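Asks: Quick one: sequence plus predicted model below, questions after.
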Number of protein chains: 2
Amino acid sequence: MNENILGITAAILTSASMLPQLIKILKNKNVDDLSWITLLILIVGVSLWVWYGIIKDELPIILSNAFSALINITLLIFYIIFRNK
Amino acid sequence: MNENILGITAAILTSASMLPQLIKILKNKNVDDLSWITLLILIVGVSLWVWYGIIKDELPIILSNAFSALINITLLIFYIIFRNK
């Protein structure tokens, strides 16, 4: 497989992977089994990847991790909203 | 910040991020709020990253994503074990 197609496919999958989790939380409004520590580490981690992408001037790294950061921040916000239910 | 230290820190955080989620599941034996679609997409995604790392001969990409794959496969196995509880 062409390495660029492989890299782009991998980036799209790992970036979009948390979307089904977000949809499930929005539907069930229940977050008891989620780990907020996981969400927090992910947000810090992908934010560092964005910073790394900016330094290395690699747009795919910046875009895919910025998208991940956005989804995980949204997840953490809904975690906080729903956790006291 | 040195770009290598930045990249390594980002890689360690994103790879290790699912560990607290795994620990929470093992402790509570409850997976109702987890999305197995998220886990499946993550496993395929990080496996493609391992493949990409092998083609590009980049050991940090191989190691960090192989570790992620291992944790997410473990999570999916416990999802299957605990989901019928």
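Replies: Now that the structure is in, tell me what you want to look at. What you are looking at is a predicted structure, and each value in this text was computed from that prediction instead of being measured.

Asks: I'd like the distance between A:I37 and chain B.
Replies: Between A:I37 and chain B the computed distance is 4 Å (C-beta to the nearest C-beta, to the nearest Å). In short, each C-beta sits where N, CA and C put it, glycine included.

Asks: Also A:L19?
Replies: For A:L19 relative to chain B (C-beta to the nearest C-beta), the value is 8 Å.

Asks: Now do the contacts for that residue.
Replies: When contacts are counted by C-beta atoms under 8 Å, 6 or more residues apart in numbering or on different chains, A:L19 is found next to A:I71, B:T38.

Asks: Return the distance of it relative to B:D32.
Replies: 19 Å (C-beta to C-beta, to the nearest Å).

Asks: now swap in A:S17 and tell me
Replies: With distances taken as C-beta to C-beta, A:S17 is found 19 Å from B:D32.

Asks: So for those two, which sits in the more crowded spot?
Replies: Taking A:S17 and B:D32 together and counting by other C-beta atoms under 10 Å in any protein chain shown, A:S17 has the greater number of neighbours (23 against 12).

Asks: so how far is the helix or strand containing A:K27 off the chain centroid?
Replies: Counting by DSSP states H and E, the element that carries A:K27 is helix A:19-28. Averaged C-alpha coordinates place helix A:19-28 at 13 Å from its chain's average position (C-alpha atoms, centre = their mean, to the nearest Å).

Asks: after that helix comes which helix or strand?
Replies: Read in the C-terminal direction, the helix or strand following helix A:19-28 is helix A:36-56, with elements assigned using DSSP H and E.

Asks: and the lengthiest helix in chain A, what does it pack onto?
Replies: Looking across chain A with DSSP state H, the single longest helix is helix A:59-82. Identification of packing neighbours for helix A:59-82 by 3 or more C-beta pairs under 8 Å, 6 or more residues apart in numbering or on different chains; DSSP states H and E yields helix A:3-16, helix A:19-28, helix A:36-56.

Asks: averaging pLDDT over each of those helices, which comes out lowest?
Replies: Comparing mean pLDDT over those, the weakest stretch is helix A:3-16, at a mean of 93.

Asks: outside of it, which residues touch it?
Replies: Identification of contacts with helix A:3-16 by C-beta under 8 Å, 6+ apart yields A:60-61, A:64-65, A:67-68, A:71, B:41-42, B:44-46, B:48-49, B:51-52, B:55-56.

Asks: buried subset of those residues?
Replies: Neighbour-count burial (16 or more other C-beta atoms under 10 Å in any protein chain shown) applied to the contacts of helix A:3-16 gives A:61, A:64-65, A:67-68, A:71, B:41-42, B:44-46, B:48-49, B:51-52.
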